[in-house]
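Enquirer: Just to be clear, the model below is a prediction. Sequence and coordinates:
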Amino acid sequence: MKDSQKYFEKIWTKVSEDKQEMDSATDSRIWNVINGRIKQNNKRKYYWMAAAAVLVPLFGILFFYKDLDSKQPKISLSAIVLQTEESSKTFRLSDNSIITLEPYSKLSINKDFGKKYRNVKFQGKGFFSIAKDRSKPFIVDAGGFSVEVLGTIFSVDQKSEEKKVKLFEGKVKVNHNGKLTYLLPNENWSTSPTKSDFHYYAVNAVKTFTFENTTFEDAIAEIENTYGAKITYPKNIAKNEVSGSFSGNLNEILSIINYPFNLKTTIKNENEIILH
């Protein structure tokens, strides 16, 4: 029996070194199996059989945990709520959609997910890469508005005062209080308590502007409405006129319109730009 005990303790040490855990009930069950099978007068071969009976499930446990750790988390329908705390996390849903939740965000999966629709509830900020399935729309309920897609890449900001949806690939439908807005790549949508629904373009979207004897302030207002940005500039040039037709993204457009007035562009943040 002493030899068997030493052998078991050796196995136990091996499991502990691999950072696997067993509770006291499991410990007791394993000792009972060994004590029931091993008698002091048994032949040596039975010691090996008992040890093997312990080793097989133990190595099975080790392999199972190692296999789980080596893969990206894949969430089954039994995991209803996905939630982050101080750091972002990426999850793969059962339909192979990949969701990245930013800190302090939460995704709740509908129990009927994947049957007819792919419905989820979302709070916070997240990046969605949705697997294509034309027969089963993916619907994100973001509390006050929803986003419906078939397969696309987009982001949702439900956390900020100004709610936003940004589309990078594919097509989405935003439903806010029954008002539908359809977005194409490089198009965005936002709403806030102080501002109605707003459909605008990403700063890297290429647009064409045509001005003919247009005041500088009116030209800037049109650019603001197109890209959803607040642009400040010296008020002494507000009534100066701008003429011409030109295309480019937001930064290129501003460089062109700045040139006659010797202005430079400073991007304060995503929504605020200063011309000086």
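Expert: Happy to help now that I have it.
Enquirer: any chance you could map the helices in the protein?
Expert: For the chain, helices defined by DSSP state H occupy the ranges 2-17, 24-37, 44-69, 216-227, 250-258.
Enquirer: Make sure P103 is actually in contact with G126.
Expert: No: counting by C-beta atoms under 8 Å, P103 does not reach G126; the two are 10.6 Å apart. Every residue, glycine included, has its C-beta placed from N, CA and C.
Enquirer: Comparing those two, which residue is more hemmed in?
Expert: For P103 versus G126, neighbours defined as other C-beta atoms under 10 Å are more numerous around G126 (26 against 13).
Enquirer: tell me the contacts of that one?
Expert: G126 makes contacts with I99, T100, L101, E102, S105, L107, S155, V156, as judged by C-beta atoms under 8 Å, 6 or more residues apart in numbering.
Enquirer: Same check on V81?
Expert: Taking C-beta under 8 Å, 6+ apart as the test, what V81 contacts is K106, L107, S108, I109.
Enquirer: And the pLDDT for L62?
Expert: Note for L62: predicted pLDDT of 34.
Enquirer: How many residues are close by I237?
Expert: Residues near I237, counting by other C-beta under 10 Å: 16.
Enquirer: doesn't P260 make contact with it?
Expert: No: contact criterion C-beta under 8 Å: I237 and P260 do not qualify, at 9.4 Å.
Enquirer: can I assume N271 is in contact with I231?
Expert: No: using C-beta under 8 Å as the test, N271 is too far from I231 to be in contact (9.9 Å).
Enquirer: where does the protein have its least confident helix or strand?
Expert: Least confident element among the helices and strands of the chain, by mean pLDDT, DSSP states H and E: helix 44-69 (a mean of 41).
Enquirer: Among the contacts of V81, name the ones in strands.
Expert: Those of the contacts of V81 mapping onto strands are K106, L107, S108, I109, per DSSP state E.
Enquirer: Could you give me the PyMOL syntax to select whichever of those are buried?
Expert: Typed into PyMOL, the line below selects the buried ones among these, using 16 or more other C-beta atoms under 10 Å:
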select buried, resi 107+109
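Enquirer: beta partners of L180?
Expert: N175 (DSSP bridges).
Enquirer: pretty sure it is touching D197, no?
Expert: No: contact criterion C-beta under 8 Å: L180 and D197 do not qualify, at 9.8 Å.
Enquirer: I'd like the ones in strands among the contacts of V81 laid out as CSV, including distance to K116 and pLDDT.
Expert: Shown next, in CSV, are those (distance: C-beta to C-beta, whole Å; pLDDT from 0 to 100):
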residue, distance to K116, pLDDT
K106, 24, 97
L107, 19, 97
S108, 18, 95
I109, 15, 93
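Enquirer: Any chance of a markdown table for the ones in strands among the contacts of V81, columns distance to A219?
Expert: Shown next, in a markdown table, are the ones in strands among the contacts of V81 (distance: C-beta to C-beta, whole Å):
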| residue | distance to A219 |
| --- | --- |
| K106 | 43 |
| L107 | 42 |
| S108 | 46 |
| I109 | 47 |
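Enquirer: Which one of the ones in strands among the contacts of V81 is nearest to Y201?
Expert: L107 (27.7 Å; C-beta to C-beta).
Enquirer: State the distance from the closest one to N177.
Expert: The spacing between L107 and N177, counted by C-beta to C-beta, to the nearest Å, is 23 Å.
Enquirer: go on, E217?
Expert: Applying C-beta to C-beta to E217 and N177 gives a distance of 32 Å.
Enquirer: higher neighbour count, those two?
Expert: E217 (14 against 8).
Enquirer: and the residue nearest to the more buried one when sequence neighbours are not counted, what does it touch?
Expert: Excluding the flanking residues, the one nearest E217 by C-beta to C-beta, 6 or more residues apart in numbering is A238, at 4.2 Å. Contacts for A238 (C-beta under 8 Å, 6+ apart) come out as T215, F216, E217.
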